[in-house]
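Colleague: structure, please.
(4 chains)
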Protein chains: 2
Amino acid sequence: MTNEAPARRRATIKDVAKAADVSPMTVSNVLNGRLQYVSAATKKRVEREIERLGYRRQANARNLRVAEQRSIGMVIVDESPAFLADFFTCQVVAGLANVLNSADYTLTVQGMRGDQLETSMITRNFEVGGFCAMIAGSGEERRAAIRRLVDLDQPVIVFQEPITLPGADFCAIRQDDRGGGRLIGDHLLARRVEDFLAVVPAQDWPAIEERLAGLRESLAANGGGARLTVIASASESFADVQDVVARHLADHPLPGAIIGANDPIATAAMLYLFDHDVRVPDDVRIVGFNGFEAHRYARPRLTTVDSAAYQLGEQAGRAMLERLESGRFARNECVLPVHFDAGATT
Amino acid sequence: MTNEAPARRRATIKDVAKAADVSPMTVSNVLNGRLQYVSAATKKRVEREIERLGYRRQANARNLRVAEQRSIGMVIVDESPAFLADFFTCQVVAGLANVLNSADYTLTVQGMRGDQLETSMITRNFEVGGFCAMIAGSGEERRAAIRRLVDLDQPVIVFQEPITLPGADFCAIRQDDRGGGRLIGDHLLARRVEDFLAVVPAQDWPAIEERLAGLRESLAANGGGARLTVIASASESFADVQDVVARHLADHPLPGAIIGANDPIATAAMLYLFDHDVRVPDDVRIVGFNGFEAHRYARPRLTTVDSAAYQLGEQAGRAMLERLESGRFARNECVLPVHFDAGATT
DNA sequence: CTGTTAGCGCGTTCAT
DNA sequence: ATGAACGCGCTAACAG
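Modeller: A predicted model of the protein is given here:
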């Protein structure tokens, strides 16, 4: 025999109605602010009973009845289990959640590997009003994931994906990574760098492909005299980055500049050089990408490109709310500018 | 006149049943894996129609019927709009989401200021099966927030809060911040430090109070000969930290050690010292807290205390799932160990 | 193995 | 200004 209290049934609209001696309809009117139909005195009485009974509206029943979802799904497709641990993704999610919350929407986050997309609750059930997605993987994998989401026949926003799907209920929101790559190229070319080494993570991110594309555009526009070598690190971890840099430098001359696909990679490379008595920027120049405050803590301060991840999330939130109200996305693409931030490493 | 396609009604169980020429109940049985009650041939037919019609189960209707919520709410109470941008919180949320997702639960995140707790959707509506909370603010504010959550009469887990609520449907999950503080104190006392300066953010975090408490315990155990001064920085930003450190040092002698409430603060302080030709660790020793990889990028490598934020989230997910199954929390408190990580700054 | 009935809690429609 | 009846989509209980 246990001492647990008997499971008290949660109060419903009916219970409140009975307690306040009105009909359920009147309670509903109070809850939904239809004050035209209810006297001030009744309203007071109903509200007191709501408070007293601790009544809370059953969201499932309401959403079922009004056939609407008050939640947006944020799906993060990534091989890593710590999907959300990525700082960029965090910022995006924070901005998105804030905008949605202030419009009384809820954000449902779900991380998964690419192959889990079809079996996950959030896609097999109908439980959110639309999807926002941050997707890693090869170009093909990403396209497949996007198609699966779009096939769900609900509004879809993807981050950091440079595509448009005309006619689809779809919107791509990203920062101008390609432009950022060009800015880096131009900056280094102006400093007479001729031999570029780019260090990217093995995991394919579309934004990183764009950064490289922009860099290549810059080199090509300059006449094509400069060389670019790209090497991939198993992960973005400190150790893996230093490892791949070490292996490359073992049988290659020092490049004029090392470009990290993001700030942590650039910083790891820089510290490797320090430990081997290479001077920055005198011997090798270093550039990162994304400008998160944490990585500016290293000295000398990294030259980088600031990205507006939080604003990306906010933008997505606004676009989704607008879509839900108006029935369609105002734009199918939205590109936010980046800002070049010259530090002391170039 | 618009060219939009007419809103196609979403397929229901009835539609699938009609198309497969069976009763809705049979479709439901297939969906829920009650294969004992349905022949293989029927199952095939039903599954084909589900696929063909793109049927997805209406979560609201199901949850209403079975009177259960398949989502857990994560509420983050913070004054800052970028609540989720905190790296520690990100890690916790990632671990939590992964555990819940793999049990086919969903995570609903909601950030808010303390005074919004009562008016927010997630608490006014009944829409999640339980709450996990990360709460900032003064001790009083935090207690009030916890009480409000517990009063909702649903399972509640709070992170980083050193309290127990015997008898309540409640569990506190945290790391051993106090132990970490003691480790720091012991480490520095062994190096003959007598004058300690702690730099904390103005925003009250319980974990940070614990770290200071542990530090004080260590000093007291040593005989109380050492002095501890605590100064607060307006925010955790680089600029604010350096500002408050500068102001303090303007009319105080250099302390033997500076203890940052977390790694970013410690790093900001360290870089300030560098810029003023103070040597670390020769003139002043520096210690951080939390051991995030990013902050180890600064040189010399910071002495810090590693925290297992991701595991904290995982632990919460497991505890919540267990609570939902068994009807009560197995433990009302769970403290994860921390690990002292000696770097080059002490 | 399959179908029928009833009702989860809420909001809408129509009546009073 | 308030109430009664109905149904949203789904599933538990029972009948066949």
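
Colleague: and the next helix or strand past the longest helix anywhere in chain A?
Modeller: Longest among the helix segments of chain A by residue count, using DSSP state H, is helix A:309-326. Using DSSP states H and E, the helix or strand that follows helix A:309-326 towards the C-terminus is strand A:333-336.

Colleague: now do that following strand, average pLDDT.
Modeller: Per-residue pLDDT over strand A:333-336 has a mean of 96.

Colleague: export that strand as CSV, just CAs?
Modeller: The C-alpha trace of strand A:333-336 is given here as CSV (Å, rounded to 0.1, in the frame of the first residue of the first chain):
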residue,chain,number,x,y,z
GLU,A,333,15.0,33.7,-50.2
CYS,A,334,16.6,36.1,-47.6
VAL,A,335,20.3,36.9,-47.5
LEU,A,336,21.7,38.8,-44.6
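
Colleague: buried residues in it?
Modeller: Across strand A:333-336, burial judged by 16 or more other Cβ atoms under 10 Å in any protein chain shown covers residue A:334. Every C-beta, even on glycine, is put in place using the N, C-alpha and C of the backbone.

Colleague: so what strands line up beside that strand?
Modeller: Strand A:333-336 has its sheet partners listed here by DSSP bridges as strand A:170-175 (parallel).

Colleague: can stretch A:310-330 be found next to chain B?
Modeller: Yes - judged by Cβ under 8 Å from any Cβ of the partner chain, stretch A:310-330 and chain B are in contact via A:310, A:327, A:328.

Colleague: are any of those buried, and which?
Modeller: For the residues of stretch A:310-330 next to chain B, buried by 16+ other Cβ under 10 Å: residue A:310.

Colleague: who in chain A is up against DNA strand D?
Modeller: A:17, A:21-26, A:29, A:36-39, A:42, A:61, A:64-65, A:67 (Cβ under 7 Å from any atom of the strand).

Colleague: just those: which are in helices?
Modeller: Per DSSP H, those map to helices at A:17, A:24, A:25, A:26, A:29, A:42, A:61, A:64, A:65.

Colleague: quick one: pLDDT of the last one?
Modeller: On the pLDDT scale, residue A:65 is placed at 89.

Colleague: circling back: out of the residues of stretch A:310-330 next to chain B, who's nearest DNA strand D?
Modeller: Distance to DNA strand D, by Cβ to the nearest atom of the strand, is smallest for residue A:327 among those, at 18.8 Å.

Colleague: mind listing what residue A:320 touches?
Modeller: Counting by Cβ atoms under 8 Å, 6 or more residues apart in numbering or on different chains, residue A:320 touches A:72, A:100, A:130, A:132, A:155, A:157.

Colleague: setting the sequence-adjacent residues aside, check what's closest to the fifth one.
Modeller: Counting by Cβ to Cβ, 6 or more residues apart in numbering or on different chains, residue A:155 lies nearest to residue A:130, which is 3.8 Å off, once chain neighbours are set aside.

Colleague: let me know the pLDDT of that neighbour.
Modeller: 96.

Colleague: for residue A:296, same thing?
Modeller: So residue A:296 comes in at 68 (pLDDT).

Colleague: just to be sure, residue A:118 is in a helix?
Modeller: No - under DSSP: H, G, I helix; E, B strand; the rest coil, residue A:118 falls outside any helix and is assigned coil.

Colleague: which parts of the stretch 51-200 of chain A are strands?
Modeller: For the stretch 51-200 of chain A, the strands defined by DSSP state E, counting those that start in this stretch cover A:57-58, A:71-77, A:106-112, A:125-126, A:131-135, A:156-159, A:170-175, A:195-201.

Colleague: just send the ones you listed back as a markdown table, with distance to residue B:136 too.
Modeller: As requested, the strands of the stretch 51-200 of chain A are exported to a markdown table (distance: least, Cβ to Cβ, whole Å):
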| stretch | distance to residue B:136 |
| --- | --- |
| strand A:57-58 | 28 |
| strand A:71-77 | 23 |
| strand A:106-112 | 20 |
| strand A:125-126 | 34 |
| strand A:131-135 | 26 |
| strand A:156-159 | 27 |
| strand A:170-175 | 29 |
| strand A:195-201 | 33 |
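
Colleague: can you list those strands in JSON lines and add mean neighbour count?
Modeller: Formatted as JSON lines, those follow (neighbours: other Cβ atoms under 10 Å in any protein chain shown):
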{"stretch": "strand A:57-58", "mean neighbour count": "19"}
{"stretch": "strand A:71-77", "mean neighbour count": "26"}
{"stretch": "strand A:106-112", "mean neighbour count": "25"}
{"stretch": "strand A:125-126", "mean neighbour count": "20"}
{"stretch": "strand A:131-135", "mean neighbour count": "25"}
{"stretch": "strand A:156-159", "mean neighbour count": "26"}
{"stretch": "strand A:170-175", "mean neighbour count": "24"}
{"stretch": "strand A:195-201", "mean neighbour count": "22"}
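
Colleague: these: which one's closest to DNA strand C?
Modeller: That would be strand A:57-58 among the strands of the stretch 51-200 of chain A, by Cβ to the nearest atom of the strand, at 3.5 Å.

Colleague: so what's the residue of the stretch 101-250 of chain A found nearest chain B closest to, chain neighbours aside?
Modeller: Nearest to chain B, among the residues of the stretch 101-250 of chain A, is residue A:127, at 3.6 Å (Cβ to the nearest Cβ). In this structure, residue A:127 finds its nearest non-sequential neighbour in residue B:59, 3.6 Å apart by Cβ to Cβ, 6+ apart.
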